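Asks: need coordinates for the below:
(3 chains)
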Amino acid sequence: MRSLIKHIVKRFAYSLFTIFLIATITFFLMNLVPGGPFLSEKNLSPQITEVMNDKYGLNEPVIIQYKNYMIKLAQGDLGVSIINKGRDINDIIYEKFLISAKVGFITIVLAITIGIAMGVVAAISKGKLVDRLLTIFSTLGMAVPNFVIATALLIIFGVKLRILPTYGLSSSAHFILPVLTLAFYPMAYIARLLRTTMLDVLDQDYIRTARSKGLSEFQVLVKHGLRNAITPIITYLGPMIAYILTGSFVVEKIFSIPGLGGEFIGSINGRDYPMIMGTTIFLATIMVSMNFIVDILYKVIDPRIELN
Amino acid sequence: MNSCILDIRDLEISFFTQAGEIKAVNNISLQLKDGEVLGIVGESGSGKSVASYSIMGLIAEPGKIVNGNIRFNNHTIETMGKKELQKIRGKEVSIVFQDPNTSLNPLLSIGSQLIEVIIRHTNKTKKEAKERAVELLGLVGMNEVDKRLKQYPYEFSGGMLQRVMIAIALACEPKLLIADEATTALDATIQAQILELLLQIKKKNSMSIIMITHDFSVIANICEKVAVMYAGRIIEYGKTEDILYNPKHQYTMGLLKATPNINSHIHEKLVPIKGSPVDLLNPPLGCPFAPRCEKCMKICLRSMPKNKVISDDHYTACWLLEKKLWS
Amino acid sequence: MELQQDQEKLMHKNPFSFQLNSDDFLPAKSNEDLVREYKKTSYWNEIFHSFLKKKVALIAFVVIVFVFFLAFTIPLFYEYSYDQQIRGSENLRPFEYSEQELNLKSQGETVVPHLLGTDTLGRDVFIRVLMGTRISLIVGIVASIIVLVIGAIYGSIAGFFGGKLDLIMMRIVDVIYTVPDILIIILLSVSLREPLNVLYEKNLFFSQLEVLGPGLTSIFITFSLLYWVGMARIIRAQVVMLKEQEYIIAAKALGASNTRIITKHLLPNLIGTIIVTTTLQIPTAIFTESFLSFIGLGVAAPMPSLGSLAADAMGGINSYTYRLIAPTVAISVIILSFNLFGDGLQEVFDPKLKEKR
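Replies: Sure, this is the predicted structure:
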């Protein structure tokens, strides 16, 4: 137990350092832009310039601006947006992220449940037709980029069949295409990963033991098989969140969803540098914290893993 | 005469792989009486494990019983369905595997792995099952049982885990216990303890035991009868003392010569058996041991010898014994 | 006749009574020549032959070679170039001719048809898709070579020397590993846009790279800064594992030099891992590039990329749906082929994997 707490503290420090590092990289990269991130070539309204100057000291040397930015950041203040007429970036992110998170959450649930089901079915019917079909599906799902899936779904269900809405998020039917697009890759990945780990587990001696005890096939497959096979899936949760967040850039653009991903792309095209910085740091923080949680979760679930 | 708990007749088991049919068990017949301890010896791949797994209906894909029948405790195993087999596994017949470190689920506590088999086969409540689990761990010689129940396999030593495996196997007081190389992975001292434990329990519960092993010292210690298997066949069968001191088959003699004897005063040389086990994909026409046999005759390469009864309960399949008749 | 049949039947039932004679009990002379001999083949020969047996991977490889061939030869002699805007030939459907072209044709001149039509600016879509494919292939190969060189060197140094050095080097890898790569790529391409343009104008060498644009440049920079850590980890793990192998320890005990151990023992055993990891890196890089180009951060216009072509076609999704097909199919086929090829290689180099798939 003590070693677990020590491990948590250590990983937490690690994660904090990574976020700090990303914020630093972000800040200095943005300073490569002529004029710096707070004063791009856009004509800024006087009140924005004033706020910026107030916060970061626009006439101070870069290093002082950096210090000011980091202090504000530590207080949770990401600054103001240029395009949105001086609106607080925190407010924008809060508003937009709620929308993205809704889509993302449904995607995660869908990808995990269906992915696991497909992986288990493929593993227990190894070599049979079902297994082959599922393998083809997961191979395709991992090879086709999400914008291709999005366009394909858009053309089939939106343009040709006209049975599903493709614009915005105003009803639950609106969620179908974006969620399917985003869930495709993680679903395929989980199915493939679980098939491999499940086959590996089903080969283990303790499965033979479970069978020899006369347990039902369900008990053998789920209690002894799936439970052991599923642990490696947990490590994929981190990358999956990252994939869904970056995938939202494309999906929200294609399906005109007013979420954070679309907003981010908008701020890139509009050269809203403070917004780009703020969103990058925010997204990076989510990804890093997710990795942190997954890491701890993994140690808690599998008692064997040595803590060092 | 005791009644037979197990009666195997003309059993043939094949694995149908892409490369072809592998005859893992080839026409074996075997009887086991109530409370008898039978040893099955042979090299790896001789079919000894497959044959005994078939008693539980535990042959993995792509293996199949091609011929023969298995009667165990008034069940006809080869015709039983999955569900029926599940009901007798762990209840009437159970098994202890070779490597206790890999044979227990690493993510479940010892207690839950013990309790699940009790709940599966009896009407006990969870509480009663736990009491039984405590009793069982005590029976296999464990201390601080309550604490042990909550622990995970990685917190135990190999010998302790094997005790847990035995406790699981004994949970429902089976009629037959199969010990598949159950002591092979253990240290010599632990090995002796485990054998001792098995014998004690056998006396207490009046169950039969099949000891699968390649170690003659295990056989000598606890077995009453011995079956020697080679290439899926029982090539010699008899009382333990007959097999150890009066072996008739060249393979059995070879195995014994390759086993060190600690009590021997003379400095005996160990003699390995030359060659490697047969390719079961293309089994030879004649006696499977012929290619490695020092006294191989022409007939041996051509056809398989029949079982020859030597004395009560002692038979072997070897052309050399026929030769004695001829000459 | 009947008697003979009966005899045969009996023989099957009971071979003893018919065949046995005293001669049978003479010792057999040659019972030992049943020991089989195995053919010796070289390692690479074996790899090559087992790869030929992997039909899917083999087809994928043929597709890759074919795509390479198309992308690098056809643009050399094709009638239209990727940035040529043909006036009056805007928005043509596949094999459709504009009025001008029809005029030319009626005058007896040969007009090369637009296989996939033209885009809103009157550019031939077929050649733009080919050029986009070319960009994808270049990005994939160059990026994975960068990853290979940095990752393999870094990983093998850490693994081979071990100790404190290994610890420090791997801590650095751990930190880099947690940095979200796509975000950094986006950040880089945003911030490098202006400075790179300045650089292109000033410096003759860099102006050669202008076609790459800030998007591609930042992809390469990011790959060399971030992506190699995966490769480094794999190589290090392999080296550490190999170092512990008995035959390496034996070689050391026999006094083999470090160079000899590396070249004779480590490298040959690493080469499989290196080839497989590098191959599987290619589709990742291609994927990333198309993704960036799709959101408008990849190659600089007018240079096409499969991602930007798809993004352009999105604009006309209702009226020119077919324009989406060529770039999206191309990118999917390329990534799929590399994935399948890489999987095949992995199975060949690591036969233990084969069982599970």
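
Asks: so residue B:22, which of the three states?
Replies: What DSSP: H, G, I helix; E, B strand; the rest coil gives for residue B:22 is strand.

Asks: now it: how far from residue B:280?
Replies: 5 Å (Cβ to Cβ, to the nearest Å). All C-beta atoms are positioned from the backbone trio N, CA, C, and that covers glycine.

Asks: so, low pLDDT: which residues of chain A?
Replies: In the prediction, chain A carries residues with pLDDT under 70 at positions A:1, A:35-44, A:57, A:303-308.

Asks: all the helices of it, in order from the start?
Replies: Assigned by DSSP state H, chain A shows helices spanning A:2-30, A:46-56, A:62-74, A:89-124, A:129-143, A:146-153, A:173-202, A:205-212, A:217-218, A:227-229, A:231-254, A:260-269, A:273-301.

Asks: quick one: closest of those helices to residue B:76.
Replies: Of all the helices of chain A, helix A:205-212 sits nearest to residue B:76, with 19.6 Å by Cβ to Cβ.

Asks: the closest one: which residues count as buried?
Replies: Residues A:205, A:206, A:207, A:208, A:209, A:210, A:211, A:212 are the ones in helix A:205-212 that count as buried (16 or more other Cβ atoms under 10 Å in any protein chain shown).

Asks: ok, and the closest non-adjacent residue to the second one?
Replies: In this structure, residue A:206 finds its nearest non-sequential neighbour in residue B:105, 4.4 Å apart by Cβ to Cβ, 6 or more residues apart in numbering or on different chains.

Asks: surely that neighbour and residue B:152 touch.
Replies: No - under the criterion of Cβ atoms under 8 Å, residue B:105 makes no contact with residue B:152, lying 9.2 Å away.

Asks: and stretch B:144-151, how far from the chain's centre?
Replies: 30 Å (Cα atoms, centre = their mean, to the nearest Å).

Asks: equivalent analysis for stretch A:166-184, please.
Replies: Relative to its chain's centre, stretch A:166-184 lies at 17 Å (Cα atoms, centre = their mean).

Asks: same question for stretch A:113-124.
Replies: 22 Å.

Asks: dump the C-alpha coordinates for that stretch into PDB.
Replies: Taking only C-alpha atoms (Å, rounded to 0.1, in the frame of the first residue of the first chain), the coordinates of stretch A:113-124 have been written out as PDB:
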ATOM      1  CA  THR A 113     -18.500  -2.400 -25.300                       C
ATOM      2  CA  ILE A 114     -18.600  -3.300 -29.000                       C
ATOM      3  CA  GLY A 115     -14.800  -3.700 -29.300                       C
ATOM      4  CA  ILE A 116     -14.700  -6.100 -26.300                       C
ATOM      5  CA  ALA A 117     -17.700  -8.100 -27.600                       C
ATOM      6  CA  MET A 118     -16.100  -8.400 -31.100                       C
ATOM      7  CA  GLY A 119     -12.700  -9.400 -29.600                       C
ATOM      8  CA  VAL A 120     -14.200 -12.100 -27.400                       C
ATOM      9  CA  VAL A 121     -16.400 -13.500 -30.200                       C
ATOM     10  CA  ALA A 122     -13.400 -13.500 -32.600                       C
ATOM     11  CA  ALA A 123     -11.200 -15.200 -30.000                       C
ATOM     12  CA  ILE A 124     -13.600 -18.000 -29.100                       C
END
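
Asks: check the buried residues of helix A:205-212 against chain C and report the nearest one.
Replies: The nearest member of those to chain C, counting by Cβ to the nearest Cβ, is residue A:207 at 14.8 Å.

Asks: residues contacting the closest residue to that closest one other than its chain neighbours?
Replies: Distances taken as Cβ to Cβ, 6+ apart put residue A:224 closest to residue A:207, at 5.8 Å, once the chain neighbours are dropped. With contact set as Cβ atoms under 8 Å, 6 or more residues apart in numbering or on different chains, residue A:224 has these partners: A:206, A:207, A:210, A:215, B:105, B:108.

Asks: same thing but at 6 Å, please
Replies: Contact analysis of residue A:224 by Cβ atoms under 6 Å, 6 or more residues apart in numbering or on different chains lists A:207, A:210, B:105.

Asks: can I get the residues you listed in TSV including distance to residue A:179?
Replies: Supplementary listing: these in TSV, determined by distance: Cβ to Cβ, whole Å:
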residue	distance to residue A:179
A:207	35
A:210	36
B:105	35
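
Asks: run a quick neighbour tally on residue 178.
Replies: Chain wasn't specified; assuming chain A. Close neighbours of residue A:178, defined as other Cβ atoms under 10 Å in any protein chain shown, add up to 26.

Asks: I was after chain C.
Replies: By the other Cβ under 10 Å criterion, the neighbourhood of residue C:178 contains 21 residues.

Asks: residue C:115: neighbouring residues, count only.
Replies: Taking other Cβ under 10 Å as the definition, residue C:115 ends up with a neighbour count of 13.

Asks: nearest residue to it other than its sequence neighbours?
Replies: Here the nearest residue to residue C:115 in space, its sequence neighbours aside, is residue C:126; by Cβ to Cβ, 6+ apart that works out to 4.2 Å.

Asks: so what does the helix or strand encompassing that neighbour touch, helix or strand wise?
Replies: Element membership of residue C:126, judged by DSSP states H and E, is helix C:125-161. On a contact count with 3 or more Cβ pairs under 6 Å, 6 or more residues apart in numbering or on different chains; DSSP states H and E, helix C:125-161 meets helix C:55-77, helix C:163-178, helix C:228-244, helix C:267-294, helix C:306-314, helix C:325-349.
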